[in-house]
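# got a predicted structure plus its sequence, pasted below:
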Amino acid sequence: MNIEHYKKMIREQGLDENTYILGVDLGTTHSVISYWNQQKNAPEPVDMSNGFGKIPLPSVVQYRKDELDEEWIIGSEALNTYVIFPESTAISFKSLMGSNQVVSLNRQSFTPEELSAKVLQTLLDQIKSMNPKSNLAGIVVSVPYDFDDAAKKATINACHIAGIQEELICLIEEPKAAALTYNYHHPFKSGEKIMVFDFGGGTLDITLFGVEQVTDTEQTLSVLSEGGQAKHGGDVLDEILYGHFLDIIAQKGINLEHLSKENHAEIKMRARETKERLSGTQKIRIPFPFCTPPFVVNMTRDEFESIGLKFIEKTKTLVLKTLQEAYKGAIKAEEIDRVLLEGGSSQMPWIKAMMVQIFQDQNKIYLSDRPALDISLGATIYAAMKMGIHDQTELVTGRQRMNFEVCVPHDIGFEIELGDTKKFYTMISRGTPYRLARRSQVFTIEGDNEEDMTRLSVRILERIHKEQGLDGCSIIGDVEVSGLPKRPSGQTQLKVALSIDEESGTVQGEVEDLGYGNLYSPSGFKQGFIPKRHQKTLVIDER
Ligand SMILES: Nc1ncnc2c1ncn2[C@@H]1O[C@H](COP(=O)(O)OP(=O)(O)OP(=O)(O)O)[C@@H](O)[C@H]1O
Ligand SMILES: [Mg+2]
């Protein structure tokens, strides 16, 4: 059955107990799956530890192989043995999505999407083990707001590898999902400006939304700014603390070279545990039983914060920069009405203190009860909306219909040649709402012979770092149009349009032969295409 069949079924008979609507947060360090609970009329996270640990699944994949057997281990067990089997364990591969880098596990290569698919598959298996009769009706998967085009397409590919085909309703931007979860309990008011601060294990994502009352019962949430930084998450603090512990061990007169891989694994685990426990308590004792002689270190929250001071200051700078670099000019801290703290790392008390200092009002700062789960819950709410479980108006407690105006995170354009140099030519600017992100450019084809006139190659780029020129761009895809009518040089005009698919936020295009003025009428050739980073897209006029 496809989505449309399920939608019809839901419309006519409601959601039965074996039909599942799911939302997935595919995180750098943790992944979470939730389902729509019909009885509770709310999204419900699935405990991936079966009650023996935390709800999220560590996004860690291990591939073990010997002469007789091969085995995939995913989640906590893979994480706990990471440093013992580093050559067969993959972590943080989300940051490689969209690149053509492969991960070598036990001398075999895997793409980041294959590894993400393993995580997805494990999440889906848990649903099956909860209810063996379950059928998947529809699923929404989250992606970071500033994921580039290839990374979003790689995520869709990961879903396909995991066996999710037409059940994939759409991707959702993580801050949009977080805002939905929040709004489920606390309706937004017209005119408000909201900051979503999502501090995960890998990344810090900061998004500013503006709430606009369109009609009495309809609100639009539009993105006003986006900032933060990849590779600025809890993992970095773990590394800093790990280095600090090694220093302490060295000061005790122990030769670091004598530490085993297992010892290093244990120190890394202690680092993360110390960081997390100091969020709930002021002081802890950290044992190092494997050192000779064994010893215990005391650490206070203040000490921890002074060890991570540079990181803390950088975090503050990133918040201020997001306010400063809003799409339509700087926004002052006092203009922000609410700050939503999301992601596991937001539980560190210094975050709240920093936000109170920046925004000068404690009541504006909201720390979710379960920050690591909110994105998956929001993705599930969105999936339920899309499947027609509820009219959106009913779903949102404020009885408001909620629309989103998400904007293009990076400039999108063509690579063009000006004399001897190659340049970026902007087609769709950063900050343009998806809905309005459509622009076309007419190319006049010139060449030395008739064959040249039948084809056109274009390279579509995404400008990530403006100040670095062409080096700061990443490729969305190379497109080659061929089979065009044979006309004289300079007398074929081809219109190439670029736009954004609103469901996935990915770039798509269309080419159309315009002919040439009164001399050559258009051939009628018009065709859509989807550019891909690692594979040339061929658009052929076969008529
Ligand atoms: N109580 C706590 N105090 C401090 N840090 C915590 C606490 N609980 C979890 N964390 C940290 O939160 C991070 C994981 O957060 P989260 O699950 O939101 O990240 P993620 O979604 O996997 O990553 P990303 O959003 O970057 O892709 C880890 O670094 C973890 O150590
Ligand atoms: Mg996250």
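Structure's in. What do you need? Ligands and ions are numbered 1, 2, ... in the order given.

# do you know how far Ile530 is from Ile460?
Per C-beta to C-beta, to the nearest Å, Ile530 is found 11 Å from Ile460. C-betas here are computed from N, CA, C, even on glycine.

# where does pLDDT dip in the chain?
In the predicted model, the chain carries pLDDT under 70 at residues 390-400.

# closest point of the stretch 401-543 of the chain to ligand 1, which residue?
Residue nearest to ligand 1 within the stretch 401-543 of the chain: Pro409 (15.7 Å; C-beta to the nearest ligand atom).

# list the residues that contact that residue.
The neighbours of Pro409, taking C-beta atoms under 8 Å, 6 or more residues apart in numbering as the test, are 145-147, 226, 430.

# am I right that it sits in a helix?
No - under DSSP: H, G, I helix; E, B strand; the rest coil, Pro409 falls outside any helix and is assigned coil.

# distance check, it against Arg301.
35 Å.

# who has more neighbours, Ile530 and Ile460?
Ile460 (24 against 15; other C-beta atoms under 10 Å).

# now that one: closest residue in space that isn't a chain neighbour?
In this structure, Ile460 finds its nearest non-sequential neighbour in Ile476, 4.2 Å apart by C-beta to C-beta, 6 or more residues apart in numbering.

# so what's the residue count around that neighbour?
26.

# and it, helix, strand or coil?
Look at Ile476: counting by three-state DSSP, its state is strand.

# quick one: it from Asp148, how far?
From Ile476 across to Asp148, the span is 8 Å (C-beta to C-beta).

# check Val60 too.
From Val60 across to Asp148, the span is 24 Å (C-beta to C-beta).

# and ligand 1, is stretch 293-310 touching that?
No - counting by C-beta under 6 Å from any ligand atom, ligand 1 has no neighbours in stretch 293-310; the shortest distance is 10.1 Å.

# what sits against the residue in the chain positioned nearest to ligand 2?
Nearest residue of the chain to ligand 2 (C-beta to the ion) works out as Gly200 at 3.6 Å. By C-beta under 8 Å, 6+ apart, the contact list for Gly200 reads 27-30, 233-234, 343-345.

# please apply the same query to Phe93.
So Phe93 contacts 59, 61, 103, 112, 115-116 (C-beta under 8 Å, 6+ apart).

# if we go to 6 Å?
By C-beta atoms under 6 Å, 6 or more residues apart in numbering, the residues touching Phe93 are 103, 112, 115.

# got these as a markdown table, with secondary structure and neighbour count columns?
Formatted as a markdown table, those follow (DSSP: H, G, I helix; E, B strand; the rest coil; neighbours: other C-beta atoms under 10 Å):
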| residue | secondary structure | neighbour count |
| --- | --- | --- |
| Val103 | strand | 18 |
| Pro112 | helix | 25 |
| Leu115 | helix | 26 |
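
# up against ligand 2, what does the chain have?
Contact residues (C-beta under 5 Å from the ion) of the chain with ligand 2: 27, 200.

# ok, 6 Å please
25, 27, 174, 198, 200, 343, 375 (C-beta under 6 Å from the ion).

# contacting residues for the closest residue to the fifth one other than its chain neighbours?
Spelled out, it's Gly200. Closest residue to Gly200 apart from its sequence neighbours, by C-beta to C-beta, 6+ apart: Gly343 at 4.3 Å. Listed by C-beta under 6 Å, 6+ apart, the contact partners of Gly343 are 198-200, 371.

# one more time with 8 Å
The contact partners of Gly343, taken as C-beta under 8 Å, 6+ apart, are 197-200, 205, 233, 371-372.

# now intersect the residues you listed with the strands, please.
Counting by DSSP state E, the contacts of Gly343 place 197-199, 205 in strands.

# Tyr145 reaches Leu208, doesn't it?
No - taking contacts as C-beta atoms under 8 Å, Tyr145 lies outside contact range of Leu208: 10.9 Å.

# identify the contacts common to the two.
Here Tyr145 and Leu208 share the contacting residues 223, 226, scored by C-beta under 8 Å, 6+ apart.

# what does Leu377 show for phi and psi?
Here is the backbone geometry of Leu377 (degrees, to the nearest 10): phi -60, psi -40.

# wait, it sits on Gly23?
Yes - with contact defined as C-beta under 8 Å, Leu377 counts as touching Gly23 (6.8 Å).

# these two: which is more packed in?
Ranked by neighbour count (other C-beta under 10 Å), Leu377 and Gly23 place Gly23 first, with 31 against 25.

# quickly list what that one is bridged to.
Ser34, Val140 (DSSP bridges).

# against ligand 1, how distant is it?
Distance of Gly23 to ligand 1, given as C-beta to the nearest ligand atom, to the nearest Å: 14 Å.

# now stretch 294-306: buried residues?
Residues 297, 299, 301, 304-305 are the ones in stretch 294-306 that count as buried (16 or more other C-beta atoms under 10 Å).

# swap that for stretch 147-167, sorry
By 16+ other C-beta under 10 Å, the buried positions in stretch 147-167 come out as 147-159, 161-162, 164, 167.

# and the closest residue to Pro349 other than its chain neighbours, how many residues sit next to it?
Excluding its sequence neighbours, the residue lying closest to Pro349 (C-beta to C-beta, 6+ apart) is Ser279, at 6.2 Å. Applying other C-beta under 10 Å, we find 16 residues neighbouring Ser279.

# quick one: the strands in the stretch 251-400 of the chain?
283-288, 295-300, 338-342, 365-367 (DSSP state E, counting those that start in this stretch).

# closest to Tyr434 out of these?
Nearest to Tyr434 among the strands of the stretch 251-400 of the chain is strand 338-342 (22.0 Å), distances taken as C-beta to C-beta.

# flag every residue of the stretch 301-450 of the chain that's near ligand 1.
So the stretch 301-450 of the chain meets ligand 1 at 343-345, 347-348, 372 (C-beta under 6 Å from any ligand atom).

# how far away is Trp36 from Thr380?
Distance of Trp36 to Thr380, given as C-beta to C-beta: 6 Å.

# for these two, indicate the residue with more neighbours.
Shown here are Trp36 and Thr380; by other C-beta under 10 Å, Thr380 has more neighbours (31 against 25).

# domain ranges for the chain?
Domains of the chain are assigned by automatic domain parsing as 3-188+369-401, 234-299, 411-540.

# kindly reformat the ones you listed as TSV containing distance to Leu309.
Shown next, in TSV, are the domains of the chain (distance: least, C-beta to C-beta, whole Å):
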stretch	distance to Leu309
domain 3-188+369-401	23
domain 234-299	10
domain 411-540	27
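
# in the stretch 101-250 of the chain, which spans are strands?
Assigned by DSSP E, counting those that start in this stretch, the stretch 101-250 of the chain shows strands spanning 103-105, 108-110, 135-143, 168-173, 193-199, 204-215, 218-229.

# number of residues surrounding the nearest residue to Leu519 once chain neighbours are set aside?
Sequence neighbours aside, Gln491 is the residue nearest to Leu519 in space, at 6.2 Å (criterion: C-beta to C-beta, 6+ apart). Per other C-beta under 10 Å, the neighbour tally for Gln491 reads 16.

# over to the one 5 residues further on?
For Val496, the number of neighbouring residues by other C-beta under 10 Å comes to 22.

# was I right to think it contacts Thr444?
No - between Val496 and Thr444 there is no contact under C-beta under 8 Å: 11.7 Å.

# returning to that earlier point: list just the nearest of the contacts of Gly200 to Ala179.
Distance to Ala179, by C-beta to C-beta, is smallest for Gly343 among the contacts of Gly200, at 13.6 Å.

# re the thing from before, so which of the contacts of Gly200 sit within helices?
Gly234 (DSSP state H).

# any chance of the contacts of Gly200 in JSON lines, plus distance to Gln121?
As requested, those are exported to JSON lines (distance: C-beta to C-beta, whole Å):
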{"residue": "Gly27", "distance to Gln121": "16"}
{"residue": "Thr28", "distance to Gln121": "18"}
{"residue": "Thr29", "distance to Gln121": "18"}
{"residue": "His30", "distance to Gln121": "16"}
{"residue": "Gly233", "distance to Gln121": "25"}
{"residue": "Gly234", "distance to Gln121": "25"}
{"residue": "Gly343", "distance to Gln121": "24"}
{"residue": "Gly344", "distance to Gln121": "23"}
{"residue": "Ser345", "distance to Gln121": "27"}
